[in-house]
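Student: next come a sequence and a model predicted from it.
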Amino acid sequence: MSALPDRVSAVVIGAGPAGLAAAAELKRVGVETIVLDKADRVGASWAGHYDRLHLHTSRGLSGLPGYRIPRRYGRWVARDDLLAYFAEYADLHDLDVRLGVAALAVERGADEWRVSWRRGDEHGAIAADTVVVATGYNHTAKLPDWPGLQSFTGKVVHSSEYKNPGLLGAREALVIGPGNSGAEIAADLADAGVRVALAMRTPPNVVLRAVAGIPGQALVIGMAPLPVKAQDALAGLLQRIAVGDLRKYGIPKAPRGIATQLLRDDVTPTIDVGLIRALKSGAVTVVAAVERFTKDSVVHADGTELRPDAVVVATGFQRRLEELVGDLGVLAGSGRPLVNADAQLAAHPGLFFLGYSNPLTGNLRQVGLDATKIAKAVAKGVAAG
């Protein structure tokens, strides 16, 4: 186990795709960089996802800078193949990734940053000119505190804990939340013969992963330069043509268009990878939002009471950056950074955040573009200095 340095030019926190891309691009412009991650492998958060997971974005538009995802992994890359790609990426670029090292806090000194760390019983701090925080948009599971939840005797798991129908071991399941994770888990359970109820508060915008063979991501990229209203109109037209009316299957029209919903509510569309088929077959039934739990049932907003064997809570994640940078005044009330990519706050030069934009055009694609921007900004600052 090699010792950690006292000082480097740049520290990247997080060895997921954003952190790896940042480290590779910083190295490309000649900046000495170390990556810290408390996990035991690169891309560890992806390893925790359910077995069925495939990228909703196409292989050709999801690679990180400097190494495209190999064709052998197919058009829609599976979870394990994506993990293999991340490991290949780190090896190819010979990145200095220190696993099992938890970054505890980022603090500003007189003219440098200091990142305190812990590894087992060891602890210390690394000084750096540049710090890139890339700990992930989906960092910590968010579990609402419904009344009676603690007394419920059935199995309750967050979507981040769900792996497959066999391990869940349910004949009847309730999935809470119609976002991408909830929709795909509902379809996964239904395909295994489980009777599934999908609880919904706000109707999602449901879209297809590809339309006429064209990845939906490519269509969205083509619309991106247009005004938000025009994006909503075009995307809505595609929805009506490709998806159709889902009201008879329990999903009303979403209250906002796709682009507006992301802009105002930070909610991405639900990409169909089996949900529509399951709805049409009756394997998945849409029910009202959850109001409370009893000892052996779940009570919904319309008074319906269900008694599932297991409940999968797909209610999203939190960024959880407060402990790391909460004292710096760089977070919005939502917990997201005030800046992303190459933008910096005037009071904190050299501090960057990567991977917190959640764009319609694809997060993996965007972190690659933004990592390049950060490297250029750092190189420019070094040259100016």
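Tutor: That came in fine, so what should we check first? A quick note: this is a predicted structure, and the numbers were derived from the prediction, not measured. Residues are numbered from 1 along each chain as shown.
Student: may I have the phi/psi pair for residue 328?
Tutor: The phi and psi torsions at residue 328 (degrees, to the nearest 10) take the values phi -90, psi -10.
Student: for the nearest residue to it once chain neighbours are set aside, what are phi and psi?
Tutor: Spatial nearest neighbour of residue 328, excluding adjacent residues (C-beta to C-beta, 6 or more residues apart in numbering): residue 348 at 6.3 Å. Yep, even glycine has a C-beta here, placed from its N, CA and C like the rest. Taking degrees, to the nearest 10, you get phi -130, psi 60 for the backbone angles of residue 348.
Student: now residue 348: how far from residue 62?
Tutor: For residue 348, the distance to residue 62 (C-beta to C-beta, to the nearest Å) stands at 31 Å.
Student: so for residue 191, what's the pLDDT?
Tutor: Residue 191 is assigned a predicted lDDT (pLDDT) of 97.
Student: now for it: which residues touch it?
Tutor: 165, 274, 278, 283 (C-beta atoms under 8 Å, 6 or more residues apart in numbering).
Student: filter those residues down to the ones in helices?
Tutor: Taking DSSP state H as the definition of helices, those contribute 165, 278.
Student: with respect to residue 236, which of the contacts of residue 191 is nearest?
Tutor: residue 274 (22.7 Å; C-beta to C-beta).
Student: number of residues surrounding the closest residue to the closest one other than its chain neighbours?
Tutor: Among residues not flanking residue 274 along the chain, residue 187 sits closest, at 3.2 Å (C-beta to C-beta, 6+ apart). Neighbourhood size, residue 187 [other C-beta atoms under 10 Å]: 24.
Student: swap in residue 252?
Tutor: 12.
Student: try residue 203
Tutor: Count around residue 203 with other C-beta under 10 Å applied: 18.
Student: going forward can the numbers begin at 57, since that is how I track them
Tutor: With the count now opening at 57, the last piece we talked about shows up as residue 259.
Student: you'd agree it is up against residue 235?
Tutor: No: judged on C-beta atoms under 8 Å, residue 259 makes no contact with residue 235 at a distance of 11.5 Å.
Student: now the most centrally placed residue in the chain, nearest residue through space, not along the chain?
Tutor: Closest residue to the average C-alpha location of the chain: residue 194 at 4.3 Å, with C-alpha atoms, centre = their mean. Once flanking residues are discounted, residue 194 sits nearest to residue 373: 3.9 Å by C-beta to C-beta, 6+ apart.
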